[in-house]
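S.K.: What shape does this take:
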Amino acid sequence: MRRLQQDWSKPIAEGTILLTGGNTLFDGIDKRVLAELRKSRPQGSMIKLTRAADPLLDAWNGASHFASSTAFQKSAFTKSDYEEKGEDWLRKYTLKYSLH
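M.R.: Just a heads-up that it's a prediction; the model follows:
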């Protein structure tokens with residue numbers, strides 16, 4: 001299992017982890033993920049796993065909802081942005097993620 005960046009490891013591993021995607025339908029995957037997480041966390045750490053209501057489509061539905069929102073327009077750049085600002089600007093374009 002890949003180690004999480006230090007600043008992400010605590011909020012993620014101590015919060016709820018959502019299992020989604022077709023691979024989460026494999027028998028025992030939740031036990032495997034939990035066992036791997038326990039290896040990287042202090043003994044007794046609270047780790048909660050939950051499976052998506054529809055593991056096959058939840059990620060797509062979430063992305064579709066985001067793409068239809070005004071937040072997407074604020075997060076995206078256009079072809080004209082690229083043409084105006086160039087390839088170097090695109091390389092510097094920073095994506096910001098929030099855990100909240």
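S.K.: who does the longest helix seen in the chain touch, helix- and strand-wise?
M.R.: Determined from DSSP state H, the single longest helix within the chain is helix 29-40. Where contact means 3 or more CB pairs under 8 Å, 6 or more residues apart in numbering; DSSP states H and E, helix 29-40 is packed against helix 6-13, strand 16-19, strand 48-51. For glycine as for every other residue, the C-beta is placed from the backbone atoms N, C-alpha and C.
S.K.: Now the weakest link among these, please, by mean pLDDT.
M.R.: Of all these, mean pLDDT reaches its minimum on helix 6-13 (a mean of 55).
S.K.: Now do the SS call for D27.
M.R.: Of the three states, D27 takes coil under DSSP: H, G, I helix; E, B strand; the rest coil.
S.K.: Which residues does stretch 23-39 contact?
M.R.: With contacts defined as CB atoms under 8 Å, 6 or more residues apart in numbering, stretch 23-39 is touched by M1, A13, I17, L19, S45, I47, L49, R51, A52, P55, L56.
S.K.: So which of these is surrounded by the most neighbours?
M.R.: In terms of neighbour count, A13 stands highest of the contacts of stretch 23-39 at 18 neighbours, by other CB atoms under 10 Å.
S.K.: any idea how far the most far-flung residue of the chain relative to its centre lies from R91?
M.R.: Centroid-distance maximum for the chain: E84 at 30.8 Å, with CA atoms, centre = their mean. Separation of E84 from R91 (CB to CB, to the nearest Å) stands at 15 Å.
S.K.: one step back: could you say which helix or strand contains the residue farthest from the centre of the chain?
M.R.: If you go by DSSP states H and E, E84 is part of helix 79-85.
S.K.: Identify the residues contacting that helix?
M.R.: Contacts to helix 79-85, defined as CB under 8 Å, 6+ apart, come from residues W89, L90.
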